[in-house]
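Enquirer: Can you look at this prediction? I've put the sequence above it.
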Amino acid sequence: MNKLSIVFFLVLAACLPGLGQKILPSPSDLYDEALEYIFAGEYSEALPVLKSLEDKGYHTANVSYKIGECYLNIPGQKTYAIPYLKDATQKISANYAGNTLEEEFAPVKSLLFLGIAYRLDNDINNALACFNSYLSKIDDVETNNRALAEYHIERCNNALELIASPAIFAADTLSDIINSVVSNSNPLLTPDEKVMYYMNQLKFYDAVMRATQSDTSWQIPENLTPEIKSDGDHYITGISASGNRLFLTFYDPYRSGEIFTTELKDGKWAELSRLNDKINTLFNESHASLSPDGKYLYLTSDRKGGIGGLDIYRSSVTPSGEWSDPVNLGPLVNTPYNEESPFVTSNSSKLFFSSQGHYNMGGYDVFFSDMDHEGNWLPPVNIGFPLNTTDDDLFFFPVDSGNIAYQSRFSNNTARQDILRYTIHSFGNPARFTVSGKVNLKSDPDYSPGNISIAFIDRTTEDTLALQRLHRDGSFTQKLPGGWYNLNFSDETQLLLTRELSIPDYFPHPELILNTDITVPSRFVADTLILKDIRFAFDKSQIEEQYLSYLDEIAQKMIKYPGITLRLNGYADSKGNDSYNKKLSLTRARVIQDYLQNKASFADRISVDGFGEENPLSIETNADGTDNPQGRSYNRRAELLISGSNNELIVIRFRDIPENLMRK
């Protein structure tokens with residue numbers, strides 16, 4: 001540029017003050033931009049725009065709702081939505097439009113979103129309160145919205161049951177060689193766990209990585225992306241048993257999700273090739289994995305003729321090496337919701353997959369199905385909390401029979417995924433089955449069903465899991481986990497009937513009906529006494545009122561059977577020093593002795609002792625070392641022991657400690 005041109009430009013700039021200045025978008029323009037991002041599902045792009053509006057002073061319920069909606073859709077940051085959605089629910093309107101920044105209210109749906117955020121934070125009670133509040137504020141004609149809220153309520157109730165009976169496992173985060181400073185996901189391993197493939201989220205693309213293990217250490221991974229020419233848009237989903245063949249998915253905007261494969265030959269990976277049109281359709285094929293013998297391909301697709309959204313299908317390899325028409329695995333495995341990431345264990349005994357349906361605690365849960373002797377998959381079983389969470393749990397890769405597994409999880413400290421290795425000792429077994437029925441009494445018409453109690457006894461451990469009385473119409477309802485049980489029907493004097501009940505883990509229905517007839521004999525041949533602990537408040541030795549009628553019953557039994565003796569063992573929790581706890585526990589036993597002696601003179605038939613904090617029945621600290629007050633309450637007790645009953649009196653010990661609090 002010559003000097004004359006420069007002078008002309010400076011004069012022009014002076015005449016036009018706006019020239020050269022950056023024109024900033026207005027708040028309304030920013031809001032419109034955020035709406036466009038949200039509409040496109042790009043929540044990570046919308047969030048900083050909305051946060052900038054918040055910084056400019058736009059603290060309306062509407063802006064809080066939009067920020068909360070964004071957080072709720074960003075993996076690893078979903079619970080950050082809670083404070084924003086709480087603000088939004090303070091000012092909701094059924095007439096919400098939300099199209100302009102001037103909107104001050106938030107929609108009623110804020111309550112639904114807040115309930116989801118609470119559930120993701122494992123705050124189930126607050127989640128249920130939000131869902132029920134949402135139901136109370138929408139019309140009965142909004143059937144879809146009501147069904148959605150009821151779906152989430154059912155998931156919350158499932159979560160309470162699953163959390164109460166957790167899986168037992170150890171989790172190890174893989175070394176920093178694998179888990180770099182970015183997200184790592186989709187782990188696939190050979191059966192000997194010596195070779196692993198996974199996805200690594202690099203700055204500009206997602207890379208397919210291969211790592212080998214020497215002795216116990218992972219070596220520096222190799223980036224396969226340039227060799228297989230996946231261009232960073234293909235994601236691995238399946239591996240052959242040899243580790244020399246991979247399956248990958250790719251999303252084509254014109255053909256939706258498609259399945260590709262690559263194979264290692266002569267030390268070199270082939271370029272990706274697309275599977276045939278029997279596998280890839282115009283619908284979404286999102287996952288494919290190989291059976292251990294290489295004869296079957298398990299894939300997920302939302303093609304026509306399915307049961308729900310994404311279903312699991314199985315294709316067989318033909319003699320020519322092509323894949324046959326896939327067959328839907330059917331309604332025992334697939335649900336009206338989505339199923340994803342199926343894997344068959346290396347011993348071919350189990351199918352692991354993720355599902356939004358079945359007995360689910362929220363989002364996708366991981367399930368497994370056992371194969372029967374005819375090669376059919378049995379009804380799925382939830383693997384349990386906390387292997388499953390209230391968020392989406394996907395891509396659970398099993399090794400051997402599934403007692404070892406790999407999965408990526410979002411770190412508690414960062415918003416990235418790390419790969420973990422699980423060693424699973426037992427999957428969760430929650431009380432997810434409802435056993436109900438009705439007893440038909442064949443006896444004196446004046447005899448009330450309310451006199452009969454049912455004890456649900458685990459035949460394996462001989463523990464009494466629950467004890468209840470029949471309702472006046474003879475009916476009963478009880479939640480139980482899968483297992484083998486005796487149901488003992490008794491009245492105050494005798495055992496009337498025992499029924500066996502077997503509930504396999506894979507039982508396909510959540511409810512069982514057990515109706516029975518009982519004839520009460522006119523002449524009693526046996527008497528029944530249910531023994532339960534007397535519990536005390538912290539640092540107290542007074543008998544609580546709820547136990548007085550039970551102790552009266554004990555006194556009556558001792559009067560009726562002069563040959564029996566009673567031992568009272570007092571206990572305390574671990575708070576306080578040993579000497580004090582010994583004295584307190586002995587006092588608790590003596591208080592009960594005094595109460596019984598006031599009912600009748602039992603002379604030397606009652607003995608007492610105090611053991612302080614010895615022999616705890618329940619845990620007193622959580623896994624993270626924090627105090628567990630509920631667990632301690634079960635240890636502050638007096639234990640009743642009856643001897644000398646012979647055959648006159650049937651004694652049944654009752655323990656009502658939740659399984660998750662019992663000491664193993």
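Expert: Looks like it arrived, so ask away. Residues are numbered from 1 along each chain as shown.
Enquirer: what about the protein, any weak spots by pLDDT?
Expert: Applying pLDDT under 70 to the chain flags the ranges 1-22, 412-414, 444-446, 521-527, 645-648, 664.
Enquirer: how's it carved up into domains?
Expert: 27-164, 168-426, 433-519, 527-661 (automatic domain parsing).
Enquirer: Turn those domains into TSV, including mean neighbour count.
Expert: Just so you know, the C-beta spots here come from the backbone N, C-alpha and C atoms, and that holds for glycine as well. Below are the domains of the chain laid out as TSV (neighbours: other Cβ atoms under 10 Å):
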stretch	mean neighbour count
domain 27-164	18
domain 168-426	18
domain 433-519	15
domain 527-661	16
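Enquirer: Give me the distance between Leu112 and Tyr31.
Expert: 23 Å (Cβ to Cβ, to the nearest Å).
Enquirer: Likewise for Asp594?
Expert: Counting by Cβ to Cβ - Asp594 and Tyr31 are separated by 74 Å.
Enquirer: now do Glu142
Expert: Taking Cβ to Cβ as the measure, Glu142 falls 27 Å from Tyr31.
Enquirer: again, but for Ser401
Expert: Taking Cβ to Cβ as the measure, Ser401 and Tyr31 are separated by 54 Å.
Enquirer: for Leu480, same thing?
Expert: 53 Å.
Enquirer: ranges for the helices of the stretch 401-550 of the chain?
Expert: Assigned by DSSP state H, counting those that start in this stretch, the stretch 401-550 of the chain shows helices spanning 548-560.
Enquirer: So which residues of it form strands?
Expert: Secondary structure of the stretch 401-550 of the chain, counting by DSSP state E, counting those that start in this stretch: strands at 404-410, 417-426, 433-442, 453-458, 464-469, 475-480, 483-490, 495-503, 511-513, 516-519, 527-531, 534-535.
Enquirer: Neighbouring strands - and their directions - for the shortest one?
Expert: Yep, that's strand 534-535 we're talking about. strand 637-643 (antiparallel) (DSSP bridges).
Enquirer: Give me the angle between the partner strand and helix 548-560.
Expert: Counting by axes from the mean of the first three to the mean of the last three Cα atoms, to 10 degrees, strand 637-643 lies at 20 degrees to helix 548-560.
Enquirer: What is the subsequent helix or strand relative to strand 637-643?
Expert: Next helix or strand after strand 637-643 toward the C-terminus (DSSP states H and E): strand 649-653.
Enquirer: thinking again about what came up before, of the strands of the stretch 401-550 of the chain, which is nearest Gly321?
Expert: strand 404-410 (29.2 Å; Cβ to Cβ).
Enquirer: Can you give the contact residues for the closest one?
Expert: By Cβ atoms under 8 Å, 6 or more residues apart in numbering, the residues outside strand 404-410 that reach it are 75-76, 183-187, 189, 193, 196, 198, 352, 393, 395-399, 416-424.
Enquirer: I'd say Leu114 and Asp87 touch.
Expert: No. Using Cβ atoms under 8 Å, Leu114 makes no contact with Asp87, being 9.9 Å away.
Enquirer: So which residues of the protein form helices?
Expert: For the chain, the helices defined by DSSP state H occupy 3-15, 27-39, 43-55, 61-72, 81-88, 109-120, 124-137, 143-164, 225-228, 548-560, 578-599, 629-635.
Enquirer: Wait, Tyr595 touches Ile543, no?
Expert: Yes. Between Tyr595 and Ile543 a contact is recorded at 6.2 Å, counting by Cβ under 8 Å.
Enquirer: shared neighbours, the two?
Expert: With Cβ under 8 Å, 6+ apart, Tyr595 and Ile543 have common neighbours Leu551.
Enquirer: thinking again about what came up before, including distance to Asp372, could the strands of the stretch 401-550 of the chain go into a markdown table?
Expert: Below are the strands of the stretch 401-550 of the chain laid out as a markdown table (distance: least, Cβ to Cβ, whole Å):
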| stretch | distance to Asp372 |
| --- | --- |
| strand 404-410 | 22 |
| strand 417-426 | 22 |
| strand 433-442 | 20 |
| strand 453-458 | 25 |
| strand 464-469 | 28 |
| strand 475-480 | 23 |
| strand 483-490 | 19 |
| strand 495-503 | 16 |
| strand 511-513 | 21 |
| strand 516-519 | 30 |
| strand 527-531 | 40 |
| strand 534-535 | 46 |
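Enquirer: For Pro336, find the nearest of the ones you listed.
Expert: Among these, the nearest to Pro336 by Cβ to Cβ is strand 511-513 (19.1 Å).
Enquirer: Next up, the contacts around Phe654.
Expert: Residues in contact with Phe654 (Cβ under 8 Å, 6+ apart) are 455, 464, 467, 530-532.
Enquirer: give me that answer again for 7 Å
Expert: 464, 467, 530-532 (Cβ atoms under 7 Å, 6 or more residues apart in numbering).
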